[in-house]
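Asks: okay, here's the prediction I keep looking at, along with the sequence it came from:
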Amino acid sequence: MPTEILMPALSPTMEEGTLSKWLVKEGDSVQSGDLLAEIETDKATMEFEAVDEGVIGKLLIAEGSEGVKVNTPIAVLLEEGESADDIGATPAPAAAAATPEPETEAAPAAPAAAEAPKAPAAPVKAGERIFASPLARRIAADKGLDLGQITGSGPHGRIVKADVEGARAAPKAATAPAAEAAPAPQAAAPALATGPSADAVTRMYEGREYEEVKLDGMRKTIAARLTEAKQSIPHFYLRRDIKLDALLKFRAELNAQLESRGVKLSVNDFIIKACALALQQVPDANAVWAGDRILKLKPSDVAVAVAIEGGLFTPVLKDAEMKSLSSLSGEMKDLAARARDRKLAPHEYQGGSFAISNLGMFGIDNFDAVINPPHGAILAVGAGVKKPVVGKDGEIAVATVMSVTLSVDHRVIDGALGAELLQAITDNLENPLAMLA
């Protein structure tokens, strides 16, 4: 029976996308892993791979189509022995399609040991959805296999041909277990207030000249996530002035020595390193909010905001506390360049426990940043400017001072702990040589 290929959820926040380009045409034979299309998500343009083998019977969505909802049929795949005449038949269940439901971002699972054996699948509860390819379902039916007892090795645990070929049917129990009672329905969460309707706002400006800008997927996602963040996260703010003179002198010396290698360190590179080390020095602050619990991370995975045309990316520098300044500098330049081209993969901008937003290069003295959930905190960095300061002995001197604000999620980090984290960041930046020790 022909199988629908559905619009995939290529990122946790994706609800719809643009089918930018087909990489196959009707009549083409495809194997698992072959590229089918280029799809523009809310964050990037990504390639979409086939999970099943077969022949492309029909392309249902034209190139360039915008606003295609996740799980909308975009093509029909024919199996061996089927023809385009069969497309009118009832399609295979959505569970056999190529796209699993999107994962949640709020509570990432703890990483498993690198070489731990794959655990057997838990029995599927009554009514629970099983993701399996049509070919895997057919083989399982022929062999009398229970798909609920098979661990899938395909994307997001989907059961594919290889998983069922070597499996054996388990003996049937004398009596089937009673179905679990369905949980009581929960009341729907109240909708977030979004202000006046679009029609109400446009009526306010009747007779005035304006240009209407259509929201793309990225802008919609930014609006939704930051509205949620400000409404649901109890922010509080800690502010400090940091003296940069020692850091600027040290940076100039390092850049002179690294010039022959083509490396030029920025102040932002030092800020990333200082924050990564501070998260190790104050480990209780290296944490994220996970709904009904707090997850304390071991590594310092630091996200850095990168402005792009029409939006924002926060690529994550993983294990930043372990990397040299030159390594962080090169990695950050690469991530920022690919972010501006919208070529980052989801794993490169998801995760982390802490973020940095630096507007100093735009001449901003100070500002308050919005926490990017599920992070516990974000550091807003202003420009370094020369100011009069009072020395330890009361003398007046001129120093380069940078104002920073730490926005903190009070569910994760209390006031004293946040102050301890900001003090560690300050000490690292005002004593940069110690960061190399």
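Replies: Everything's here; your move.

Asks: quick one: secondary structure of Ile413?
Replies: coil (DSSP: H, G, I helix; E, B strand; the rest coil).

Asks: tell me where the protein has helices.
Replies: With DSSP state H as the criterion, the chain has helices at 134-143, 161-165, 198-204, 217-232, 245-258, 267-281, 325-340, 346-349, 415-430.

Asks: can you tell me which of the ones you listed is most buried?
Replies: Of the helices of the chain, the one with the most neighbours on average (mean count of other Cβ atoms under 10 Å) is helix 267-281, at a mean of 23. Using the backbone N, CA and C atoms, a C-beta is placed for each residue, glycine as well.

Asks: and that one, average pLDDT?
Replies: Averaging pLDDT along helix 267-281 yields 97.

Asks: now it against helix 245-258, angle please.
Replies: Angle of helix 267-281 versus helix 245-258, following axes from the mean of the first three to the mean of the last three Cα atoms, to 10 degrees, is 110 degrees.

Asks: how far does helix 267-281 sit from the chain's center?
Replies: 21 Å (Cα atoms, centre = their mean, to the nearest Å).

Asks: with stretch 344-361 instead?
Replies: With Cα atoms, centre = their mean, you get 9 Å for stretch 344-361.

Asks: quick check: buried residues in it?
Replies: Neighbour counts over stretch 344-361 (16 or more other Cβ atoms under 10 Å) mark 344, 346, 348-360 as buried.

Asks: end to end, how far does that stretch reach?
Replies: Length of stretch 344-361, first residue to last, Cα to Cα, to the nearest Å: 24 Å.

Asks: the closest residue in space to Gly351 that isn't next to it in sequence - how many residues pack around it?
Replies: Once flanking residues are discounted, Gly351 sits nearest to Val316: 5.4 Å by Cβ to Cβ, 6 or more residues apart in numbering. The tally of other residues near Val316 (other Cβ atoms under 10 Å) stands at 20.

Asks: and Val316, bridged to which residues?
Replies: Ala303 (DSSP bridges).

Asks: pipe the helices of the chain into a markdown table and attach distance to Ser403 per row.
Replies: Output for the helices of the chain, formatted as a markdown table (distance: least, Cβ to Cβ, whole Å):
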| stretch | distance to Ser403 |
| --- | --- |
| helix 134-143 | 58 |
| helix 161-165 | 56 |
| helix 198-204 | 35 |
| helix 217-232 | 22 |
| helix 245-258 | 15 |
| helix 267-281 | 13 |
| helix 325-340 | 22 |
| helix 346-349 | 27 |
| helix 415-430 | 11 |
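
Asks: closest to Glu38 out of those helices?
Replies: Glu38 lies closest, by Cβ to Cβ, to one member of these: helix 217-232, at 14.4 Å.

Asks: what about stretch 55-71, start to end distance?
Replies: Stretch 55-71 stretches 20 Å from its first residue to its last (Cα to Cα).

Asks: revised request: answer the last question for stretch 343-361.
Replies: Using Cα to Cα, one end of stretch 343-361 lies 24 Å from the other.

Asks: that stretch: how far from the chain's middle?
Replies: Distance of stretch 343-361 from its chain centroid, counting by Cα atoms, centre = their mean, is 9 Å.

Asks: what about that stretch, average pLDDT?
Replies: pLDDT averaged over stretch 343-361 gives 92.

Asks: do the same with stretch 35-42
Replies: For stretch 35-42, mean pLDDT is 86.

Asks: for it, buried residues please.
Replies: Buried residues in stretch 35-42, defined by neighbour count with 16+ other Cβ under 10 Å: 36-42.

Asks: check those and tell me the two furthest apart.
Replies: Greatest spatial distance among those (Cβ to Cβ): Leu36 and Asp42, at 19.7 Å.

Asks: geometric centre of this structure: which residue is closest?
Replies: Gln350 (2.7 Å; Cα atoms, centre = their mean).

Asks: mind checking how far that residue is from Leu312?
Replies: Per Cβ to Cβ, to the nearest Å, Gln350 is found 14 Å from Leu312.

Asks: likewise for Val51?
Replies: According to Cβ to Cβ, Val51 and Leu312 sit 32 Å apart.

Asks: likewise Gly360?
Replies: 17 Å.

Asks: swap in Lys161?
Replies: Distance of Lys161 to Leu312, given as Cβ to Cβ: 41 Å.

Asks: for the spatially closest residue to Gly360 that is not a sequence neighbour, give me its contacts.
Replies: Nearest residue to Gly360, sequence neighbours excluded (Cβ to Cβ, 6+ apart): Ala383, at 3.9 Å. Applying Cβ atoms under 8 Å, 6 or more residues apart in numbering, we find Ala383 in contact with 359-365, 402.

Asks: in strands only, show me these.
Replies: For the contacts of Ala383, the ones inside strands are Met402, with DSSP state E as the criterion.

Asks: okay, and for this structure, where does confidence drop off?
Replies: Residue ranges of the chain with pLDDT under 70: 1, 12-13, 43, 84-129, 131, 133-135, 154-158, 166, 168-194.

Asks: any idea how it splits into domains?
Replies: Per the record, the chain has its domains at 3-103+128-165, 235-436, by automatic domain parsing.

Asks: so how far is Leu60 from the closest residue to Glu53 other than its chain neighbours?
Replies: Nearest residue to Glu53, sequence neighbours excluded (Cβ to Cβ, 6+ apart): Gln31, at 5.0 Å. Separation of Gln31 from Leu60 (Cβ to Cβ): 21 Å.

Asks: what about these two, which has more around it?
Replies: Between Gln31 and Leu60, counted using other Cβ under 10 Å, the more crowded position is Leu60 (17 against 9).

Asks: surely that one meets Leu77?
Replies: No: using Cβ atoms under 8 Å, Leu60 is not in contact with Leu77, being 11.2 Å away.

Asks: redo the buried residues of stretch 35-42 as TSV? Include distance to Asp409.
Replies: Shown next, in TSV, are the buried residues of stretch 35-42 (distance: Cβ to Cβ, whole Å):
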residue	distance to Asp409
Leu36	40
Ala37	38
Glu38	37
Ile39	33
Glu40	31
Thr41	27
Asp42	23
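
Asks: just the ones of those in strands?
Replies: Per DSSP E, the subset of these in strands is 36-40.

Asks: would you format those as CSV with distance to Tyr210 included?
Replies: Shown next, in CSV, are these (distance: Cβ to Cβ, whole Å):
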residue, distance to Tyr210
Leu36, 40
Ala37, 36
Glu38, 33
Ile39, 32
Glu40, 27
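
Asks: out of those residues, who's nearest Thr3?
Replies: Thr3 has its nearest neighbour among these in Leu36, at 12.9 Å by Cβ to Cβ.

Asks: who are the neighbours in contact with the closest one?
Replies: So Leu36 contacts 5, 22-24, 30, 48-50, 75 (Cβ under 8 Å, 6+ apart).

Asks: filter those to the buried ones?
Replies: Burial by neighbour count, judged by 16+ other Cβ under 10 Å, picks out 5, 22, 24, 30, 48-50, 75 from the contacts of Leu36.
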